[in-house]
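*Asks:* Provide a 3D model corresponding to the input given below.
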Amino acid sequence: MTEADWDEMMAVNLRGAFFMSQAVARVMPASGRGGRIVNISSQGGLVGLPDAAVYCANKGGLNMLTSMVFCRSGTGSSHLFLLKFSSQA
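*Replies:* Purely as a prediction, here's the structure:
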């Protein structure tokens, strides 16, 4: 994996989720209806997967980002969800 590949994956999966969540969280309270932010992760954010260092780093970062955005939102009318998928039954 090249540095450019790493940067691109981080930009799409982590940076994109951060700025989108930030933008949406700013306007939800003003709507008066609250809202939902849903981030999608996987088991790779919880455990290491073979040959998937950048993927696991992204998903682990997304897990923590989701937790921190929720903690900082401080609103009872807005909700933040993190869906974690596993290939295991």
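*Asks:* What segments of this protein are helices?
*Replies:* Taking DSSP state H as the test, the helices found in the chain are 3-10, 16-31, 53-73.
*Asks:* Flag every buried residue along the first one.
*Replies:* Counting neighbours by 16 or more other CB atoms under 10 Å, one finds that the buried residues in helix 3-10 are M9. Using the backbone N, CA and C atoms, a C-beta is placed for each residue, glycine as well.
*Asks:* quick one, it and helix 16-31 angle?
*Replies:* Helix 3-10 and helix 16-31 are oriented at 20 degrees to each other (axes from the mean of the first three to the mean of the last three CA atoms, to 10 degrees).
*Asks:* for helix 3-10, what is the average pLDDT?
*Replies:* For helix 3-10, mean pLDDT rounds to 91.
*Asks:* follow-up on the earlier one: and the helices of the chain as CSV, adding distance to I40?
*Replies:* Listed next are those as CSV, based on distance: least, CB to CB, whole Å:
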stretch, distance to I40
helix 3-10, 15
helix 16-31, 9
helix 53-73, 8
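*Asks:* Most distant residue from the centre of the protein?
*Replies:* Distance from the C-alpha centroid of the chain peaks at G32, with 24.2 Å (CA atoms, centre = their mean).
*Asks:* count of residues packed around M20?
*Replies:* Residues near M20, counting by other CB atoms under 10 Å, number 12.
*Asks:* same deal with K59?
*Replies:* Counted with other CB under 10 Å, residues neighbouring K59 total 24.
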